[in-house]
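In: With the input below, show me the fold.
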Amino acid sequence: MGGERVTEALESCVTLLRSVVERDWAEVRAGRLEWDCRQTATHIAEDLIAYAGQLAGRAQDAYVPFEIVLEEGTDNAGIIHVVETTGVLLATALRTTPRAVRAYHPYPFRSANSVGFAAMGIAEILLHTHDIAEGLGLPYEPPAHLPEYVLTRIFPHVQPGTDHWHTLLWATGRGELPGRAPLSAWRWNNNLVLGTERLTLEGLTPAAAADLAAGGTGGFDWVVGGPYQGTREASGMLLKAYEAGVHRPEFGVFVLVRREDDLAIGGMGFHSAPDEEGRVEIGYDLVEGVRGRGYAAEALRALSEWALARDDVQSLMATIDHDNAASQRVVARAGFHRATVEEERSVNEERQDMEKALRLYVLAKS
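Out: All right, here's what the predicted structure looks like:
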């Protein structure tokens with residue numbers, strides 16, 4: 001889908017550029033940018049080939065060290081040809097890159113997968129086409145599903161609106177939305193991925209969470225029996241938080257993917273962001289057929305270590321059914337300790353609607 005969406009975005013861009021191919025792009029500033037329209041069109045091509053290069057070269061620590069340089073005398077038609085060519089190269093790279101591949105991108109967790117690079121490429125195309133159109137005094141609005149694709153994949157921290165295009169323009173400092181303060185600085189947000197010896201914990205985007213909550217796969221290949229219902233319910237909670245504008249992506253839901261075969265085996269994540277005292281609750285489930293192999297404890301140790309290294313987290317909590325001995329063993333192996341009687345009683349009083357009594361386990365910052 002990412003390659004198809006890049007192609008659609010590219011077509012909308014090229015259609016507009018061709019309509020003004022006879023204009024002098026170098027004499028007109030592109031919207032609110034410091035660049036002129038010629039520089040901005042060239043920049044689109046630079047970004048598209050850079051993203052294709054990151055994926056094709058499997059870059060891990062920095063950008064692949066190359067750039068494109070237009071031949072002297074290249075006219076507007078030539079620039080359009082370059083934009084088209086680099087867009088095709090990115091779309092091809094997206095279609096041929098295995099799902100598990102991640103490549104270097106600095107924001108915010110130093111890597112992105114093919115879905116992230118697709119969304120970034122589409123964003124560059126749409127937003128800079130808008131800048132050029134604004135500079136040249138032309139109307140431009142892409143198909144609504146393209147900015148929605150971008151927002152639900154690399155802007156998980158932005159509350160969605162009914163108008164995806166104007167929400168994206170606002171989120172990138174290019175427009176206003178009623179009830180929201182104008183932005184002067186912004187940054188997109190690729191998903192967080194944590195690694196263990198046998199697993200990767202892949203943070204869910206709102207798009208993936210919506211698919212899982214609706215009964216889909218979330219873009220993952222699952223072991224037989226997956227995904228488990230708890231993962232679908234957690235995805236629904238993530239989606240509600242996103243729609244309410246309170247979702248913090250780093251405290252969302254992670255799908256546990258086995259390294260040996262790239263199959264998803266379960267889910268793990270936070271019930272919300274940390275409270276005022278730095279406490280945050282964590283939950284998890286595994287597909288029944290892979291339980292008893294230490295996967296849950298391995299993932300829980302990694303996610304706990306990551307969370308407790310943050311300044312805004314002081315302790316982690318896990319609430320478990322009183323008779324779920326297997327899950328209690330998991331948290332114990334991950335370093336959690338049984339809470340005090342008073343703490344456990346307080347939690348149960350808060351959750352009187354639960355059919356079974358809960359045991360509370362805690363792991364605090366050392």
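In: What ranges in the stretch 251-366 of the chain fall below the confidence cut-off?
Out: Along the stretch 251-366 of the chain, the parts satisfying pLDDT under 70 run over 352-355.
In: How about stretch 213-222, which residues are buried there?
Out: By neighbour count with 16 or more other CB atoms under 10 Å, stretch 213-222 contains the buried residues 213, 218, 219, 220, 222. (C-beta placed from N, C-alpha, C; glycine too.)
In: Look up the closest residue to the third one, ignoring the ones flanking it.
Out: Read it as residue 219. Excluding the flanking residues, the one nearest residue 219 by CB to CB, 6 or more residues apart in numbering is residue 208, at 5.3 Å.
In: follow-up on the earlier one: arrange the buried residues of stretch 213-222 in TSV, one row each, with pLDDT as further columns.
Out: Shown next, in TSV, are the buried residues of stretch 213-222 (pLDDT from 0 to 100):
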residue	pLDDT
213	98
218	98
219	97
220	98
222	98
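In: Show me the two of those that sit farthest apart.
Out: 213 and 222 (14.9 Å; CB to CB).
In: before we move on, the earlier item: so the residue nearest to residue 219 touches residue 218, yeah?
Out: Yes: here residue 208 reaches residue 218: they are 4.2 Å apart, a contact under CB atoms under 8 Å.
In: Residue 93: which of the buried residues of stretch 213-222 is nearest?
Out: residue 219 (17.5 Å).
In: Wait, a helix at the closest one?
Out: No: secondary structure of residue 219 (DSSP: H, G, I helix; E, B strand; the rest coil): coil, not part of a helix.
In: just checking, it touches residue 211?
Out: Yes: in terms of CB under 8 Å, residue 219 counts as a neighbour of residue 211; the distance is 6.8 Å.
In: circling back: what's the strand or helix carrying the residue nearest to residue 219 in contact with?
Out: Using DSSP states H and E, residue 208 sits within helix 206-213. Under the contact criterion CB atoms under 8 Å, 6 or more residues apart in numbering, helix 206-213 has outside partners 149, 151-153, 156, 160, 204, 217-220, 227, 231-233, 235-236, 238-239, 242, 247, 252-253, 255.
In: The same query, at a cut-off of 6 Å, please.
Out: With CB atoms under 6 Å, 6 or more residues apart in numbering as the test, helix 206-213 has contacts from 152, 153, 156, 218, 219, 232, 235, 236, 238, 239, 242.
In: Might you report the residue contacts of residue 55?
Out: By CB under 6 Å, 6+ apart, the contact set of residue 55 is 93, 97, 103, 117.
In: So the second one is in contact with residue 114, correct?
Out: Translated: residue 97. Yes: using CB atoms under 6 Å, residue 97 makes contact with residue 114 at a distance of 4.6 Å.
In: So which elements touch the helix ranked longest in the chain?
Out: Secondary structure of the chain per DSSP state H: the longest helix is helix 114-136. Secondary-structure packing of helix 114-136 (3 or more CB pairs under 6 Å, 6 or more residues apart in numbering; DSSP states H and E): helix 2-19, helix 37-57, helix 76-96, helix 145-154.
In: Can you give me the distance of the closest residue to residue 156 other than its chain neighbours to residue 13?
Out: Distances taken as CB to CB, 6+ apart place residue 249 nearest to residue 156, at 4.3 Å, with adjacent residues excluded. As judged by CB to CB, to the nearest Å, residue 249 and residue 13 stand 28 Å apart.
In: These two: who's more crowded?
Out: Taking other CB atoms under 10 Å, residue 249 and residue 13 do not tie; residue 13 has more neighbours (26 against 23).
In: Thank you, goodbye.
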